[in-house]
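A.B. asks: Just a sequence and a predicted model for now, questions to come.
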Amino acid sequence: MRHKNNIIFDLDGTIIDSSEGITGSVQHALKEFGVQVEDASTLTKFIGPPLLDSFQNYYDFSPEKSREAVKVYRAHFDKVGVHQNTLYPGIAEL
């Protein structure tokens, strides 16, 4: 039997909690379209499903407006949100 020496982990949601960066970036995108969300933690519903669908389903954005919101989200996430991660408890020891 051959043994493998590699272990593969799913980073996002398994090793790191990236919710702050994701929800903050959604909050930023919504603000660009005149939607004020005071508590970014209420935007955890955006974690997981496609962003395009979430902007349409939760804020009734048109498909075009949703595409623009995703662009704003990604620009913010790439500069700010990507750095807003924390390790889950016990990961450092693992």
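C.D. replies: Cool, the structure landed.
A.B. asks: hey, let's count contacts and neighbours off CA atoms from now on
C.D. replies: Noted.
A.B. asks: Confirm for me that Tyr73 is in contact with His28.
C.D. replies: Yes. Using Cα atoms under 8 Å, Tyr73 is in contact with His28, at 6.9 Å.
A.B. asks: Point out where this protein drops to low pLDDT.
C.D. replies: Scanning the chain for pLDDT under 70 picks out 1.
A.B. asks: And the contacts of stretch 81-94?
C.D. replies: Applying Cα atoms under 8 Å, 6 or more residues apart in numbering, the contact partners of stretch 81-94 are 14-22, 24-25.
A.B. asks: now the strands for the chain?
C.D. replies: With DSSP state E as the criterion, the chain has strands at 16-17, 86-87.
A.B. asks: got a markdown table for those, with distance to Glu93 and mean neighbour count too?
C.D. replies: Shown next, in a markdown table, are the strands of the chain (distance: least, Cα to Cα, whole Å; neighbours: other Cα atoms under 10 Å):
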| stretch | distance to Glu93 | mean neighbour count |
| --- | --- | --- |
| strand 16-17 | 14 | 16 |
| strand 86-87 | 11 | 14 |
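A.B. asks: where do the helices sit along this protein?
C.D. replies: 19-32, 51-59, 63-79 (DSSP state H).
A.B. asks: these two touch, right, Leu43 and Val26?
C.D. replies: Yes. Leu43 is within contact range of Val26, at 7.3 Å (criterion: Cα under 8 Å).
A.B. asks: who has more neighbours, the two?
C.D. replies: The neighbour count for Leu43 versus Val26, taken as other Cα atoms under 10 Å, is higher for Val26 (28 against 19).
A.B. asks: Now that one: closest residue in space that isn't a chain neighbour?
C.D. replies: Nearest residue to Val26 in three dimensions, chain neighbours excluded: Tyr73, at 5.8 Å (Cα to Cα, 6 or more residues apart in numbering).
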